[in-house]
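S.K.: just coords:
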Ligand SMILES: Nc1ncnc2c1ncn2[C@@H]1O[C@H](COP(=O)(O)OP(=O)(O)OP(=O)(O)O)[C@@H](O)[C@H]1O
């Protein structure tokens, strides 16, 4: 896909220290990167690198000790407008007593006043994730993959400019996961959004991304920013067999193994 150079997400000199004094722990140290509009970045790094800390900061839940985060040119100070997040634990992020369409409509309550407009946003979001016919069912009547599609539809309902995804497919089987990876690629195109995916899976990081951002071990800084150039549209079989895929996967795996002390 073609990317523009306009930065949608800017992370500048971000440092985060938990606690104070003797118990202070530096989780992130002078982290810098940006993502352009419609770009898809994936973040990988060794266990405990600081990925969750970074997502908490990007989503406005926590203020970094130092540095700035900007979305669409505006400093993040509290939960930012134009940002939505999808978590690994779809079972806990959906409300079991509400139907699928009501779950998707939930973040629009009090934000989009007009009922017809809310209904349109919900219907379009469910259509985009392939669940138009499941709108009156409840989350517990759906498979794990379908529940995660509902969570994605809910994130899309507010038409975010930036979608953050925290290990979104880690609890799903390989085939369901592949279908959802392709869904992410499609919605990025359809809605023109910028996506940042945190994953432990190097293959997934490379398959999805325009750029793989490799974090160092804690305290996290950017070890490398690896561009992925694969023929588009991507395909679960041919993209993963492509020489560039194999090359980038190996480069990223070596970087992470180096951070884990070669283990
Ligand atoms: N509330 C906290 N207080 C003190 N230290 C913390 C706190 N939360 C995280 N840490 C520490 O900060 C570092 C980064 O943690 P974080 O959870 O962000 O890493 P991660 O990359 O998400 O980990 P994982 O790969 O296991 O998901 C770790 O060393 C962790 O022990």
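M.R.: Right, received. Where do you want to start? Since we're looking at a predicted model, the values are computed, not measured.
S.K.: only C-alpha atoms from now on, for both contacts and neighbour counts.
M.R.: Noted.
S.K.: walk me through the domains of the chain.
M.R.: 7-82+161-261, 94-159 (the TED database).
S.K.: in TSV: those domains, plus mean pLDDT, distance to the ligand and mean neighbour count.
M.R.: As requested, these are exported to TSV (pLDDT from 0 to 100; distance: least, Cα to the nearest ligand atom, whole Å; neighbours: other Cα atoms under 10 Å):
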stretch	mean pLDDT	distance to the ligand	mean neighbour count
domain 7-82+161-261	96	3	18
domain 94-159	97	19	19
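S.K.: just put the ones you listed in JSON lines and tack on distance to residue 88.
M.R.: Listed next are those as JSON lines, based on distance: least, Cα to Cα, whole Å:
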{"stretch": "domain 7-82+161-261", "distance to residue 88": "4"}
{"stretch": "domain 94-159", "distance to residue 88": "8"}
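S.K.: quick check: end-to-end length of stretch 204-218?
M.R.: Start and end residues of stretch 204-218 are separated by 22 Å (Cα to Cα, to the nearest Å).
S.K.: one more: stretch 219-239?
M.R.: End-to-end for stretch 219-239, by Cα to Cα: 33 Å.
S.K.: just stretch 161-178 next, same as before
M.R.: First-to-last residue span, stretch 161-178, Cα to Cα: 24 Å.
S.K.: next, the closest residue to residue 227 other than its chain neighbours: phi, psi?
M.R.: Distances taken as Cα to Cα, 6 or more residues apart in numbering put residue 211 closest to residue 227, at 4.4 Å, once the chain neighbours are dropped. Residue 211 adopts backbone torsions of phi -140, psi 140, taken as degrees, to the nearest 10.
S.K.: quick one, what contacts residue 211?
M.R.: 40, 41, 42, 225, 226, 227, 228 (Cα atoms under 8 Å, 6 or more residues apart in numbering).
S.K.: same thing but 6 Å
M.R.: Contacts for residue 211 (Cα atoms under 6 Å, 6 or more residues apart in numbering) come out as 41, 226, 227, 228.
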